[in-house]
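Undergrad: Just to be clear, the model below is a prediction. Sequence and coordinates:
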Amino acid sequence: MLITDQTTGPISVAAYMRQCLTNPESGYYINKDPFGTEGDFITSPEISQMFGELVGVWVITQWMAQGRPPNIRLIELGPGRGTLMRDMLKAFQSFPPFKNTIVDICLVEASPTLRMSQQRMLCDAAATETEEFMSSTSRYGIPVKWYGNLKEVPRDVTSFTIAHEFFDALPIHQFEHTQNGWREVMVDYSVPQEKTPLSLPGQTRSFDETPKFHLTVLPYSTPSSKIGPESSPRYKNLSVNSKIEISPESWDVAKELALRISEQKTPQAPTGTGSALVIDYGPAETIPVNTLRGIKGHHFVSPFEEPGTADLSADVDFTSLKLVAEEEGHVAVHGAVEQGDWLHALGIGARATMLAHQQTTPEGKDRIAKEYHRLVERSGGAMGKIYKVMAFTPRGTQTPVGFGGGVIDSDEDVD
Ligand SMILES: C[S@@+](CC[C@H](N)C(=O)[O-])C[C@H]1O[C@@H](n2cnc3c(N)ncnc32)[C@H](O)[C@@H]1O
């Protein structure tokens, strides 16, 4: 894939990520299903049904806390295979008063391949396409619609939005604070100076002369280096040699999610209705630095090797999402808290114990215990610690479950 432009020189890390991930012809997400043991990575909803069920329970607690709005929309950003939504919908079947309020499910997905996986996961009916969106009907009779961008999803009813491992795929810009001010770190390419023999001498092409991508700091300022690091007091006072990553695209989504909540005002709910739940990896408070990574075959790889063949992601800057949502979206923000704590507050221990009791074989019981531990484990770089959960809710409403606002169930630990 040719992704730098010889007429314009190096491109931003954000432009590089966008091309690698969502280029309409050869982007990583566009033509393949990267999930599972055969794929490049595994996500929490793919590890266990408990994850989607508990996200579903959280949505119901929010709906109840907000006076049970009569018509609601479920939105998921980057639904992958559709597993999380499938498990949420299954959980909703035990709560008819809630499930009967769902007017539609709107999935925001860039990949045509994954849209088809989601359609197969959620619907028996075939999909139809109009100019505006692809649509089908879920097995539970709820209309399902696909969009390429959250801004295309109608804003006419209360929405409950889930973004699981979505923000980490959004493009980031990198900057370095030099003696001369902030400079953007760009992606450039060059032919390797140290030549690696590829074939026997005498053959026409005996050295690896494939251009290699690498990072380079621009020696001059650009509009984004003036605007990006100047955009927040968090960056302004950082010392020389500091590096930062910022994701204006993520801020835009966070603002849109928040406005969808604060704009849904009713006389009974003067600060709005609906919520958004963001689950992803990244620091709860600090600014991400040098976190761009490639993931292939369940291993970290260079983000610059074979562009378009590895997943690229970067840590989510939860504090920046919080600032944008509070200041520009006028909502209350809760967290980020660690996934392990959040799942415990939602009752994962009790749910795992119940599922383990339903298993008829030792292998079945062992599988449930392993899934539970994988989701909540905190030691080292385990998922229960590195994944964080953040919620946006209407201002002035009660603190949500999982963020200090009470627990669902007694949390017996599974062996
Ligand atoms: C890491 S996967 C997570 C999938 C799923 N949420 C899960 O946890 O299993 C990222 C998802 O976001 C989608 N995606 C990535 N960038 C996107 C964009 N700019 N717009 C819409 N969808 C995007 C991908 O196609 C994929 O479905």
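TA: Looks like it came in fine.
Undergrad: only C-alpha atoms for contact and neighbour calcs from this point on.
TA: Noted.
Undergrad: OK, contacts around E245?
TA: Applying Cα atoms under 8 Å, 6 or more residues apart in numbering to E245 gives the contacts 172-175, 287-290.
Undergrad: Same check on V289?
TA: V289 touches 243-245, counting by Cα under 8 Å, 6+ apart.
Undergrad: Go through those residues and flag which are in strands.
TA: When DSSP state E defines the strands, the subset of these inside them is 243-245.
Undergrad: Take the contacts of E245 and keep only those in strands.
TA: 173-175.
Undergrad: okay, the residues you listed in a markdown table with pLDDT, distance to the ligand and neighbour count next?
TA: Formatted as a markdown table, these follow (pLDDT from 0 to 100; distance: Cα to the nearest ligand atom, whole Å; neighbours: other Cα atoms under 10 Å):
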| residue | pLDDT | distance to the ligand | neighbour count |
| --- | --- | --- | --- |
| H173 | 96 | 15 | 23 |
| Q174 | 96 | 18 | 26 |
| F175 | 95 | 22 | 26 |
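Undergrad: out of these, which one sits closest to S250?
TA: H173 (11.1 Å; Cα to Cα).
Undergrad: How about the residues of the stretch 151-300 of the chain by the ligand?
TA: With Cα under 6 Å from any ligand atom as the criterion, the stretch 151-300 of the chain comes near the ligand at residues 164-166, 169-170.
Undergrad: which of these sit farthest apart?
TA: Comparing every pair within those by Cα to Cα identifies H164 and L170 as the most remote, at 12.3 Å.
Undergrad: Quick check: which ranges of the stretch 301-415 of the chain have low pLDDT?
TA: Scanning the stretch 301-415 of the chain with the threshold set as pLDDT under 70 gives 406-415.
Undergrad: Please enumerate the strands of it.
TA: Shown for the stretch 301-415 of the chain, the strands assigned by DSSP state E, counting those that start in this stretch span residues 311-313, 331-338, 387-394.
Undergrad: Could you work out the end-to-end span of stretch 356-370 for me?
TA: Its start and end residues considered, stretch 356-370 measures 11 Å (Cα to Cα, to the nearest Å).
Undergrad: Next, the buried residues of it.
TA: Neighbour-count burial for stretch 356-370, counted by 16 or more other Cα atoms under 10 Å, picks out 356, 365, 368-369.
Undergrad: cool, and stretch 397-405?
TA: Buried residues in stretch 397-405, counting neighbours by 16+ other Cα under 10 Å, are found at 397, 399-403.
Undergrad: Repeat that for stretch 87-107.
TA: Under 16+ other Cα under 10 Å, the buried positions of stretch 87-107 are 87-92, 98-99, 102-107.
Undergrad: what about that stretch and the ligand, any contact?
TA: No: judged by Cα under 6 Å from any ligand atom, stretch 87-107 and the ligand are separated, with a smallest distance of 8.9 Å.
Undergrad: what's in contact with that stretch?
TA: Under Cα under 8 Å, 6+ apart, the answer for stretch 87-107 is 49-57, 60, 63, 68-79, 142-147, 153.
Undergrad: Can you identify each of the strands in the stretch 151-300 of the chain by residue range?
TA: In the stretch 151-300 of the chain, the strands defined using DSSP E, counting those that start in this stretch lie at 158-164, 173-178, 181-190, 212-217, 243-246, 275-281, 293-296, 299-301.
Undergrad: for the residue nearest the centre of the chain, what are its contacts?
TA: For the chain, the residue nearest the mean C-alpha position is F166 (1.8 Å; Cα atoms, centre = their mean). With contact set as Cα under 8 Å, 6+ apart, F166 has these partners: 77-78, 280.
Undergrad: sorry, back to before: so which of the strands of the stretch 301-415 of the chain is the most surrounded?
TA: With neighbours taken as mean count of other Cα atoms under 10 Å, the strands of the stretch 301-415 of the chain reach their highest mean count in strand 387-394, at a mean of 26.
Undergrad: Can you tell me the strand partners of that one and which way each runs?
TA: The pairing partners recorded for strand 387-394 under DSSP bridges are strand 275-281 (antiparallel), strand 331-338 (antiparallel).
Undergrad: contacting residues around stretch 394-402?
TA: Outside of stretch 394-402, the residues within contact range by Cα under 8 Å, 6+ apart are 58, 61-62, 65-66, 261-262, 271-275, 330-332, 334, 341-346, 405-408.
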